[in-house]
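Asks: no FASTA, just this:
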């Protein structure tokens, strides 16, 4: 159900892992009225899909009020789950779903927002997606050094 919210945010996000599983990272950009806030992080042992999703979750955590959020991602897993699969997963109590912990966290952090996810082709010159990809790979490489 859509909430009546006026503030429009764009959340660009990407994830990366060196090995699947392996050291990983995510990078994101929140954009509002031409201003950007960048964020990133990582994990020593993770998967690409976990980092893709964590990038969205961590971006949503940074929002201080309810917003209309367009999530822009090159992860068809994240985009399709948000737009198509999540309601069914909830009805089926997440049976046979991977990354349940993160999806449950996503449900909590997304609950006050209207969210629409849009897929973009990765490595195709989309400026913000390329920047998020660079941040995610940098974080994954930082994690690799910790091993």
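Replies: Here it is on my side, so go on. Predicted model only: the values in this text are computed from it and were never measured.

Asks: pLDDT of stretch 10-23, averaged?
Replies: Model confidence over stretch 10-23 averages 96 on the pLDDT scale.

Asks: list the buried residues for it?
Replies: For stretch 10-23, burial by neighbour count (16 or more other C-beta atoms under 10 Å) applies to 10, 11, 12, 13, 14, 15, 16, 17, 18, 22, 23. The way it works is simple: take the backbone N, C-alpha and C, and place the C-beta from them, glycine included.

Asks: ok, now stretch 79-93?
Replies: 79, 81, 82, 86, 89.

Asks: excluding its backbone neighbours, what's nearest the fourth one?
Replies: Excluding the flanking residues, the one nearest residue 86 by C-beta to C-beta, 6 or more residues apart in numbering is residue 103, at 7.0 Å.

Asks: give me the distance between that neighbour and residue 93.
Replies: Going from residue 103 to residue 93 by C-beta to C-beta, to the nearest Å gives 12 Å.

Asks: what helix or strand is the residue most central in space within the chain located in?
Replies: By C-alpha atoms, centre = their mean, the chain has its centre lying nearest to residue 56, at 2.3 Å. Assigned by DSSP states H and E, residue 56 falls within helix 48-61.
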